[in-house]
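Engineer: Quick one: sequence plus predicted model below, questions after.
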Amino acid sequence: MANDRQSRTARRKQLQEQKKSQKKPIWKKVLLSLLIVCIVGGLGVGGVFAFYISGAPDLDKSLLSVPASTKVYDKDKELIADLGTEKRTKISYNDIPQKLEDAVLATEDVRFFDHMGIDLKRIGGAVIANVTDGFGAEGASTITQQVVKGFFLSTDKKLERKVQEQWLAIKLDSEYSKEAILEMYLNKIYYGAGAYGVATAAEVYFGKTDLNELTLPEIALLAGLPQRPSAYDPFVNPDLAKERMNTVLNLMVMHDKISEEEADEARQVDVASLLTDGNPDQSTYSAFLQQVQKEVDEKLGINIYNEGVEVYTTLDQDAQKHVEFLLSGSEDSPIRFPDEDLQAALTVLDTKTGAIRAIGGGRNHDTGFNYATQGGNQPGSTFKPIIDYGPAIEYLNWSTYTQLKDEPYENNGVTIGNAYANYFGWVTMRTALAKSINVPAVKTLEEVGFSNAQKFAENLGIEFSDEGFMLTDAIGGAATEVTPLTLAGAYRPFGNEGIYNEPYAVTKVVFGNNREEDLKPEPKAVMADHTAYMVTDMLKTAMTSQGTGSVANVSGLPIAGKTGSTNLEGVETGSPDYWMSGYTTNYTIAAWTGYGKNKIIPTDGADISKLLFKHTMEHISQNIETPDFVKPSSVVEVTVEKGSNPAKLPSEYTPDSEKITELFVKGHEPKESSEKYDQLDPVTALEATYDEENEVINVTWEYDTDSERPVSFEVNAGQVDSSSLTTLTTTKDMQVEIGNVDKGATYTIEVFVVSDANEENISEPVYVTVEVPEEQEEEPEEEQENEDEQNGEGQQPGNGNGNGNGNGNGDNGNGNGNGDGNENPDDGNGGNEDDQQNPPDNDDGENEDEGDILDDIIPGSDDSTEQPEASLPFRHMSKNELINKIVA
């Protein structure tokens, strides 16, 4: 290596001597350069270029020795990072291995040692590209120009800046050796993963502090990174890094730096095998800074690690620190992870603006891969508001009441099942979303149509795969994948009256000349305010005990949110991904947990995404007011009758238990009233007949019953001359029997139909009258010869003993058949006393009248004396039946 170093030094000295012998006065070089620039630029007016050059900054040599740093500020303009002071190990030219130099020059500037700071051949090619494809289509920057751009200028593609860059490159080339310029470049350039300069990059990616220990594949990998360090980061995108490495190897072969055999051997190496276990950058802000770099690069073409600029961001330091604390799984964290491999990530946005307040890129974010912003996973049921129900309200004017049937369902051979083991039948859209029922979601997507659903989702920042839109996108189970950042961005407009801002981390960039670039995205309306509010109201239900998100709810905060999980083919239980996305009027959060591969999450890890959401939202919402979502005038609340389909207004008879209040798009609310609970029809064929044998009134009627409107029948009755009717019974039968009626009376009977669900819903009454006939006196039988004698003595014992004992019926014991007029006591024992005083004679009663016997046995059977009901224990028996009973 020493000999190699000496040969390189000798070669450099020889080049320098040649350069001195050929050196022209600086003023001639400047004139020549101006002429070249004028020709290349296609402009004939040298004064324009002279004007541009006059505004170029001085070539301050002090800036070349200390690379300009980029300062990053949070939302309150407090410094969070000075990128120029981090991870930079300086080297000298002599520390650079020959193969590393060859790889860099073959990739970035193959004629570096031959041009004067600008490469005329490359400029010519760029001019052609710019003429055909527009200015800025292709660059012609040499390594010298990149040094100038990195130390002194911005990286925008304006003509003025390009002219100044070329002018300063020529000056730099004339004042510094090629070796010094290459040294500046390799110390300044950003290699990704927070590494500044090639020496630091070697340590970060490969764990090597001596550049001479680098292998050819490692050298090729490093040489390819500066062009797009974030995209080619091998920790993040190993496949892209491998492609870039192979490109560098091909260029080295093309320019005779290595042989094809060497290149082919290097191509066989797996990139992952070259890397250290992880990116040692474990800064609290590393995940957020990755997003900052990405935005600035995409919008301005600036690599913040190479530029001396000020970057103003949206970061909330307190929120970021709390997110990292939760992801750490430390002992004092409220979240416990089942193992070290389970990953988690989340993003916090400002609901009103879309500003990113915090990014949790992963647990102990040290791999370089940002799970919050990179890659992606199936979103599961968190997709339902975006793909199904949001578009249904937006394009079909559905209400939150809209009825959807949950039932076994198959479409084109695809069977849609629920997480539940059963089906719910008809449900409202609110219930379908809150309970995350799959079949109604798929049916809704079919009603909305794929094109409408895709348009709605794309307006929210969702990008679909090349496989196209699929039916299973309805439940987030197709090829479409999202990150927490994308999902949070898609949810935020629901909480912001339908206004979308692309999530952003950078508000502005200030350059060294005080020029500012505002990077805040413009807001745009992507849905009607009624759509946003109605989806929000349903998602608020999802956060209660009626939905799937109750674990993530924060008491006292008006929160709308949705859970999600995915399936693994061939596995019946468990999920490889769990999601929780939701928002308040202040913040929007999307959280994900998974292994980043097809592996089922243990049961004790199923709620982690919900808990991340809950604890983050709870922390950042402390000590600030969180107002509720405001219902716009385009939404109306309407009370409708449950089960009506389409929705109908309740009637005055609809039970309160059958009423429900839901949201409707104004102008699309129901106007028609339901007839389901209208006043009940009266009974028909009401009849009442008197049964003389049983001495009862039989009442019957007819009614058409309906299982959906269960009813009962109220029967009232009373004599026609009474002032009111008495309720006798309420029955499910269509007949009743009325006993204990008065002979000779006329009764009015009234029957109502009464709703079981609403006792105030009563039909019109139907009446019927029935007459109870008078008691018929029996014709007297022929008198017996000894009738007078028997009656005169009045000593028949039967009445006194028969009914006077213990039954309270003895009052009339001696009142029957006492023809001698003897008085009997009034109390219940009178019969016994009379029997004792007047013992019965020995008359066997063979000639006694049967009616008199019956009267003696049943006090009060004489129709002339009205008896209470309790005195008629045998009132339903005929006299013949009673005689037979007595004889027996």
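Structural biologist: Nice, I can see it. Just so it is clear, the structure is predicted and the values come from calculations on it, not from any experiment. Residues are numbered from 1 along each chain as shown.
Engineer: Skipping its backbone neighbours, what lies nearest residue 307 in space?
Structural biologist: residue 70 (5.7 Å; Cβ to Cβ, 6 or more residues apart in numbering). C-betas here are computed from N, CA, C, even on glycine.
Engineer: Strands of the stretch 451-600 of the chain, start to end?
Structural biologist: According to DSSP state E, counting those that start in this stretch, the stretch 451-600 of the chain carries its strands in the segments 499-500, 506-510, 516-518, 524-525, 560-565, 577-583, 587-594.
Engineer: Ignore what I typed, I meant the stretch 51-200 of the chain.
Structural biologist: All strands of the stretch 51-200 of the chain, identified by DSSP E, counting those that start in this stretch, fall at 71-73, 79-82.
Engineer: hey, which of those strands is tucked in deepest?
Structural biologist: strand 71-73 (a mean of 20; mean count of other Cβ atoms under 10 Å).
Engineer: Tell me how far it lies from the chain's centre.
Structural biologist: The offset between the C-alpha centroid of strand 71-73 and the centroid of the whole chain comes to 35 Å, using Cα atoms, centre = their mean, to the nearest Å.
Engineer: And stretch 737-756, by the same measure?
Structural biologist: Using Cα atoms, centre = their mean, the mean C-alpha position of stretch 737-756 is found 60 Å from that of the whole chain.
Engineer: Could you pull up the residues touching residue 402?
Structural biologist: Taking Cβ atoms under 8 Å, 6 or more residues apart in numbering as the definition of contact, the neighbours of residue 402 are 392, 428, 429, 647.
Engineer: Quick one: the strands of the stretch 51-200 of the chain as JSON lines, columns for mean pLDDT and distance to residue 467 too.
Structural biologist: Below are those laid out as JSON lines (pLDDT from 0 to 100; distance: least, Cβ to Cβ, whole Å):
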{"stretch": "strand 71-73", "mean pLDDT": "94", "distance to residue 467": "38"}
{"stretch": "strand 79-82", "mean pLDDT": "87", "distance to residue 467": "40"}
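Engineer: Nearest approach to residue 184 belongs to which of the ones you listed?
Structural biologist: Comparison of the strands of the stretch 51-200 of the chain against residue 184 by Cβ to Cβ identifies strand 79-82 as nearest, at 20.0 Å.
Engineer: ok, that closest one: who's next to it in the sheet?
Structural biologist: Each strand pairing with strand 79-82, determined using DSSP bridges, is listed with its direction: strand 71-73 (antiparallel).
Engineer: and for the partner strand, what are the contacting residues?
Structural biologist: 79-83, 289, 292, 304, 309-313.
Engineer: So the residue nearest to residue 307 versus residue 183, what's the distance?
Structural biologist: Look at residue 70 and residue 183: by Cβ to Cβ, to the nearest Å, they are 21 Å apart.
Engineer: So which of the contacts of strand 71-73 is the closest to residue 672?
Structural biologist: Looking at the contacts of strand 71-73 and their distance to residue 672, the nearest is residue 313, at 55.6 Å (Cβ to Cβ).
Engineer: For residue 576, which non-adjacent residue is closest in space?
Structural biologist: If you skip the residues right next to it in sequence, residue 576 has residue 568 as its closest partner in space, 5.1 Å away by Cβ to Cβ, 6+ apart.
Engineer: and stretch 329-339, how far apart are its ends?
Structural biologist: Between the opening and closing residues of stretch 329-339 lies a distance of 10 Å (Cα to Cα, to the nearest Å).
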